[in-house]
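Enquirer: Just to be clear, the model below is a prediction. Sequence and coordinates:
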Amino acid sequence: MNLTISPRSDIPIYQQLQDQLTQQILTGALPGGTKLPSIRFMAQELHISVITVKKAYEELERAGFINTAAARGSYVIDINDKDLAKSQRKRIELLLAVAIQEATVLNVTEEEVHTIVGRLYRDTEQANRQ
């Protein structure tokens, strides 16, 4: 499990941890049934608070990515292909929602957002082909 926490980021540490674990679950890097490190061990390894790891694990459980059982630990839930696709789309929606919220604050029009997203999408596809 490869996790990188940036204490200087504007993104809260628990959110960074949650996002990275979610990404690894959705990409299959952490398949269903994988036992996650204990909260204490994860906190020690990442040099962060136990409370921070606990919050990230609670959010992952609330989102349906992990299951935690007392005295057994936390495990990645098996996600079938249909649920995986749904979860991946939901993650994209959440990420775009943040960008759209920022765009509205900056008075960027819907048309401008469409143009930006289209350009970024094409640029990414082109970069992936190379």
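Expert: Here it is on my side, so go on. Numbers count the residues shown, from 1 in each chain.
Enquirer: Where does pLDDT dip in the chain?
Expert: In the prediction, the chain carries residues with pLDDT under 70 at positions 81.
Enquirer: How is it partitioned into domains?
Expert: The record's domain parsing of the chain by automatic domain parsing lists 13-76, 81-129.
Enquirer: So for the chain, which residue is the most central one in space?
Expert: Central residue check for the chain by Cα atoms, centre = their mean: the C-alpha nearest the mean position is that of D19, 2.3 Å away.
Enquirer: And the helix or strand harbouring that residue, what does it pack against?
Expert: Mapping D19 onto the secondary structure by DSSP states H and E places it in helix 13-26. Here helix 13-26 is seen to pack against helix 50-62, helix 81-105 when contacts are counted using 3 or more Cβ pairs under 8 Å, 6 or more residues apart in numbering; DSSP states H and E. For glycine as for every other residue, the C-beta is placed from the backbone atoms N, C-alpha and C.
Enquirer: now with 6 Å?
Expert: Using 3 or more Cβ pairs under 6 Å, 6 or more residues apart in numbering; DSSP states H and E as the contact criterion, the secondary-structure elements in contact with helix 13-26 are helix 50-62.
Enquirer: Output the helix it packs on as PDB, nothing but the C-alphas.
Expert: As requested, the backbone C-alpha atoms of helix 50-62 are provided in PDB (Å, rounded to 0.1, in the frame of the first residue of the first chain):
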ATOM      1  CA  VAL A  50      -4.900   8.000  15.500                       C
ATOM      2  CA  ILE A  51      -8.000  10.200  15.400                       C
ATOM      3  CA  THR A  52      -7.200  11.200  11.800                       C
ATOM      4  CA  VAL A  53      -6.900   7.600  10.600                       C
ATOM      5  CA  LYS A  54     -10.100   6.700  12.500                       C
ATOM      6  CA  LYS A  55     -12.000   9.400  10.800                       C
ATOM      7  CA  ALA A  56     -10.700   8.300   7.300                       C
ATOM      8  CA  TYR A  57     -11.700   4.700   8.100                       C
ATOM      9  CA  GLU A  58     -15.100   5.800   9.300                       C
ATOM     10  CA  GLU A  59     -15.700   7.800   6.100                       C
ATOM     11  CA  LEU A  60     -14.600   4.800   4.000                       C
ATOM     12  CA  GLU A  61     -17.000   2.600   5.900                       C
ATOM     13  CA  ARG A  62     -19.900   5.100   5.500                       C
END
